[in-house]
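Engineer: heads up, no residue letters with this:
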């Protein structure tokens, strides 16, 4: 497994859960450029893009990867040119640096499926940090055998939460009790719901920032913290699962992967094979970003029929004979509000990033948005929970911590106070730049002569990105 | 008076309050370019900028004004090229269109004093809409005799709130009771605080969006509404008032106006004469945006000493002999959270603007952020209150409304459902563009020959913008 996925994989092993590989064999469907554009399929691992678009993709990935490698995830404002990068949206960067309209559209699709959000809603520096937290854009895109992205969890990932609840005992868990206020003084914290209150020595708030902002705090939190949580938009993804008698697409040579751009007719942005290990055939997909915005307020039947119609268009008539259509819109749940993650609008990292993890009195902050590894993913959520738990232990019973753990807590706290060292900024000499540029030019020349090479590589990359949805 | 200021001026007249003119005679101090840049004063109404910077200012104002005039305040997404304009920050636009570094700095100063926010924190389309709601950038900047910006209210503007409370009776007002939840069903709404609840037939929520987002709603609000209120950052302005035995600056030929850029030494971004009608000498000023962020967490004495030191530097030794230094940081109040207004981050208008005013069941939305005239100002707050009150009357007792009022409510509701007509988009013919461009080029030539002309005009404009703070 990738080293980065250690947190979630450790937990999966600890609980004795099993993983299985995502089905990816066969043709992928790729449809961008509007409803009247040609639907392309590819029996290699990528859609047939023109050489120019492939080159555009490759120069853009190279540029973004280079920038991303200069980002310190722990302290993004130490990134060279940080303020400038945080002052623009991802959209603005792409507008300036993409050569082709097709590429701009592709980035829209990526933003939608990864963040549930449009490229104009997030800071470009935040996007770079997010990529860096996954090990860099290229690292995130790479497809190596045994990578954690290849796996789904048998029986579903909710088992992780259930096992954790069992460990601490269900009697210690309160469900359906929204926290409305947290008051604290020198002695203790008081966590209040509409009907109950709980006295605590320490509190760990793990909900996403926009929900943490719904809590009334006394004394009021530092304004930096409030401004941060009040301005981290959450994405909008709706998930659907459609079951079939048999995986007809496999027989027709399709992998089940479809990538589509929003249009009046097509709600879905991505699908893939969701067949269970026991062989129950299913397609899984997402309606995301602007598509989710357009389609969420319509009737389920209308949405379902449009999804099925799109599947018929892309995979054939057999798609119409489904057993069951099930969907989930997290945005409709008051205490989810969206999916999969909160991002930062421009200008937030610049001023407010240190407040993301800095404890406020007895209140500590966790949640995947605070992670420095796979921020936004389950792995990051677990990392952040362990970090916050260590903070609390260091406060309440430091003697239970190992030397190493105490040092980790200390290091994180130094980081929060902006005194931590910056280890992630490589010095890019002119020589190195020239070397990279020369390599790129040579590679470009080779690719112009042999576009298939580039296609294979990009296709593998795309495949892995899409497969990461399997872990949700 | 300007027609735009009708709402607040009507109320001032209704309550028999008096206004008096802001003192603006004498030299203005202008200090941008960092702590070591030259401090410039100008006995005309503007700082001595180089001809190039003046031209830059004039081309930038012309461009922004032209764009702003195409914005429909009621439905900003009907603006030509709306999505593109909403996809970039104000910073990104300025980076692209300003010629000089000095001009970029000037825009930073403007953004800070008008919004309490940096140019990288707001959508450029939102900025244009804000300007359009004030009648266009040029209209906002123009200085005509009798313009409402010239006045302060004798005794302070809080008298407006007090008189309104008297009108409905203080016994109907609950202070210090934060609303934590609003539940509603087919019969009624239940407004809850930590200790009480109130049954209502209709509710008007007037608090700023980031505080409306703190309320727990049942049933949950539409996701578009939640996403909107969860992502409208509020500015950060700290106000200070320093009283003196006498207005020494007047005797030295200063107006009391200072405009400064943030630096480690200087916390203030703007000051002006705050002497009362009875002659009690005072200077009033603001610490804003990034300056407020840097200085808010320090000790009052440190901030006060730095402010006084800056005043000594700009106005002379006499500034050190003050009677009293008083300040107000609205960000420290849990139920203000900032000042003066909430703005929109990029991508919000694109998707969520219609939710700003659309009632949710029995809940209606007011507040200056929902105004279509002087959005962000007291005038806008009053307009929005009247609009929301009419909505409620139209629902509960429509027979009390005049024909005209009923039509106004109907028109606003149509607008909310995106079916309203767009009246604000002029068709800019190529001929007109050519004419404007020719005029600009000719004006530029004249100004290059006689820079003083331009300085006078820009100076007057600047003066008026700064004087608008007098109404706070």
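Structural biologist: Structure's in. What do you need? Since we're looking at a predicted model, the values are computed, not measured. Numbers count the residues shown, from 1 in each chain, chains lettered A, B, ... in the order given.
Engineer: pLDDT weak spots in the stretch 351-472 of chain A?
Structural biologist: A:415-472 (pLDDT under 70).
Engineer: Might one say that residue A:91 is in contact with residue B:87?
Structural biologist: Yes - shown here, residue A:91 and residue B:87 form a contact pair, counting by Cβ atoms under 8 Å, at 4.3 Å. To be clear about C-beta, it is placed using only N, CA and C from the backbone, and glycine gets the same treatment.
Engineer: who touches both of those two?
Structural biologist: Counting by Cβ atoms under 8 Å, 6 or more residues apart in numbering or on different chains, the residues touching both residue A:91 and residue B:87 are A:119-120, B:346-347.
Engineer: Which one (most neighbours) among these?
Structural biologist: residue B:346 (33 neighbours; other Cβ atoms under 10 Å in any protein chain shown).
Engineer: Helix or strand: which one has that residue?
Structural biologist: Following DSSP states H and E, one finds residue B:346 outside all helices and strands.
Engineer: That one: what's its closest spatial neighbour, skipping adjacent residues?
Structural biologist: Once flanking residues are discounted, residue B:346 sits nearest to residue B:123: 4.3 Å by Cβ to Cβ, 6 or more residues apart in numbering or on different chains.
Engineer: Tell me if I'm right that that neighbour and residue B:351 touch.
Structural biologist: No - between residue B:123 and residue B:351 there is no contact under Cβ under 8 Å: 11.6 Å.
Engineer: The two: who's more crowded?
Structural biologist: Neighbour tally, residue B:123 and residue B:351, criterion other Cβ under 10 Å: the higher count belongs to residue B:123, 30 against 22.
Engineer: Can you tell me how far that one is from residue B:84?
Structural biologist: Going from residue B:123 to residue B:84 by Cβ to Cβ, to the nearest Å gives 11 Å.
Engineer: ok, now residue A:155?
Structural biologist: Going from residue A:155 to residue B:84 by Cβ to Cβ gives 46 Å.
Engineer: which of those two has more neighbours?
Structural biologist: Comparing residue A:155 with residue B:84 by other Cβ under 10 Å, the one with more neighbours is residue B:84, at 16 against 12.
Engineer: quick one: which helix or strand includes the more buried one?
Structural biologist: Using DSSP H and E, residue B:84 sits in helix B:82-86.
Engineer: Name the residues that touch that helix?
Structural biologist: Contact partners of helix B:82-86, identified using Cβ under 8 Å, 6+ apart, comprise A:120, B:67, B:76-77, B:79, B:123-126, B:128, B:346-350.
Engineer: top of the residues you listed by neighbour count?
Structural biologist: Highest neighbour count within the contacts of helix B:82-86, by other Cβ under 10 Å: residue B:346, with 33 neighbours.
Engineer: quick check: mean pLDDT across the helix holding residue B:84?
Structural biologist: Per-residue pLDDT over helix B:82-86 has a mean of 95.
Engineer: okay, the angle between the helix or strand encompassing residue A:183 and strand B:179-184?
Structural biologist: According to DSSP H and E, residue A:183 maps onto strand A:179-184. Interaxial angle of strand A:179-184 relative to strand B:179-184 (axes from the mean of the first three to the mean of the last three Cα atoms, to 10 degrees): 170 degrees.
Engineer: any idea how far strand A:179-184 is from the chain center?
Structural biologist: Here the centre of strand A:179-184 is set off from its chain's centre by 29 Å, with Cα atoms, centre = their mean, to the nearest Å.
Engineer: Next secondary structure after it?
Structural biologist: Downstream of strand A:179-184, the first helix or strand assigned by DSSP H and E is strand A:189-193.
Engineer: How about residue A:220, nearest residue that isn't a chain neighbour?
Structural biologist: In space, and not counting its chain neighbours, residue A:220 is closest to residue B:334: 3.8 Å by Cβ to Cβ, 6+ apart.
Engineer: helices or strands next to the helix or strand just after the helix holding residue B:84 in the packing?
Structural biologist: With elements assigned by DSSP H and E, the helix or strand that comes after helix B:82-86 is helix B:90-97. On a contact count with 3 or more Cβ pairs under 8 Å, 6 or more residues apart in numbering or on different chains; DSSP states H and E, helix B:90-97 meets helix B:51-68, helix B:101-115, helix B:124-133.
Engineer: does the last one come close to chain A?
Structural biologist: No - residues of helix B:124-133 are not located near chain A by Cβ under 8 Å from any Cβ of the partner chain, the shortest gap being 9.8 Å.
Engineer: which residues are contacting that helix?
Structural biologist: B:64-65, B:67-69, B:71-73, B:76, B:79, B:82, B:85-86, B:88-90, B:92-93, B:137, B:140, B:343-344, B:346, B:348-349, B:371-376, B:380, B:424.
Engineer: can you rerun that using 7 Å?
Structural biologist: With Cβ atoms under 7 Å, 6 or more residues apart in numbering or on different chains as the test, helix B:124-133 has contacts from B:67-68, B:71, B:73, B:76, B:79, B:82, B:85-86, B:88-90, B:92-93, B:137, B:140, B:343-344, B:349, B:371-376.
Engineer: Show me what the mean pLDDT comes to for that helix.
Structural biologist: Averaging pLDDT along helix B:124-133 gives 91.
Engineer: Report the angle between that helix and helix A:90-97.
Structural biologist: Using the same axes, to 10 degrees, helix B:124-133 lies at 110 degrees relative to helix A:90-97.
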